[in-house]
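1. I need the structure of the sequence given here:
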Amino acid sequence: MPESQTTTVAATTPATAPSTEILLELVDDAGVTVGTAEKLWAHQQPGHLHRAFSVFLFDQQGRLLLQRRALGKYHSPGVWSNTCCGHPYPQEQPFVAAARRTAEELGAAPALLCAAGTVRYDLPDEASGLIEREWNHLFVGLMTDELRPDPAEVEDTRFVTARELKELQAEKAFSVWFDTVFEAARPGIREIAGRDW
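-> Predicted coordinates for the structure are as follows:
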């Protein structure tokens with residue numbers, strides 16, 4: 001491993017960090033893992049490219065499940081966003097992380113979950129001063145179970161049509177990453193939910 005990568009890993013290993021830390025996988029510009037970093041540190045300016053995932057789930061009527069992030073979250077509280085998003089644990093497969101986190105946040109597991117590509121972005125969040133520098137794995141699928149959202153994670157949920165999504169975006173604040181991940185996942189979304197999307 002090159003010396004610069006070794007330095008990054010050594011500065012953020014679990015042995016030197018508080019046990020309450022959440023570690024993310026740092027990646028290079030090709031999406032290859034190069035180390036780990038504490039979650040908040042990775043999102044502070046200038047940001048550090050890390051692995052993430054975004055999930056878009058639909059009901060059987062082809063409506064997209066959105067969530068409004070809990071007001072107590074340190075990052076992007078109270079804004080609307082896609083069904084679920086987050087970060088795999090180090091060495092956790094993105095598909096496994098996406099299914100796990102969806103169930104944890106919404107109290108229901110996807111009935112179907114399919115990979116829909118990846119997207120890389122650098123998006124500053126002016127409201128928080130944080131930055132999203134992510135190599136994001138995209139997933140689309142179906143939700144058929146009754147939702148039981150965790151109030152520490154989710155303030156509200158809503159199923160919307162494509163038209164209703166546009167109306168909601170005109171009225172309410174959305175996460176800085178929503179448009180980017182939505183457009184990148186659109187081909188997969190259309191396979192699941194139809195051409196209206």
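
2. Leaving out sequence neighbours, find the closest residue to Val55.
-> Leaving aside its chain neighbours, Val55 sits nearest to Cys84 (4.2 Å; criterion: CB to CB, 6 or more residues apart in numbering). For glycine as for every other residue, the C-beta is placed from the backbone atoms N, C-alpha and C.

3. List the contacts of the one you found.
-> The neighbours of Cys84, taking CB atoms under 8 Å, 6 or more residues apart in numbering as the test, are Ser54, Val55, Leu57, Gln67, Ala98, Arg101, Thr102, Glu105, Leu106.

4. Report the mean per-residue pLDDT for the longest helix seen in the chain.
-> Using DSSP state H to define each element, the chain has its longest helix at helix 178-193. For helix 178-193, mean pLDDT is 97.

5. From the rest of the structure, what touches that helix?
-> 54, 56, 58, 62-64, 80-82, 85, 112, 114-119, 121, 123, 136, 138-142, 197.

6. if we go to 6 Å?
-> Residues from elsewhere that reach helix 178-193, judged by CB atoms under 6 Å, 6 or more residues apart in numbering: Ser54, Phe56, Phe58, Gly62, Ser81, Ala116, Val119, Tyr121, Asn136, Leu138, Val140, Trp197.

7. rewinding a little: buried among the contacts of Cys84? Need that as a selection in PyMOL.
-> Per 16 or more other CB atoms under 10 Å, the buried members of these correspond to this PyMOL selection:
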select buried, resi 54+55+57+67+98+101+102+105+106
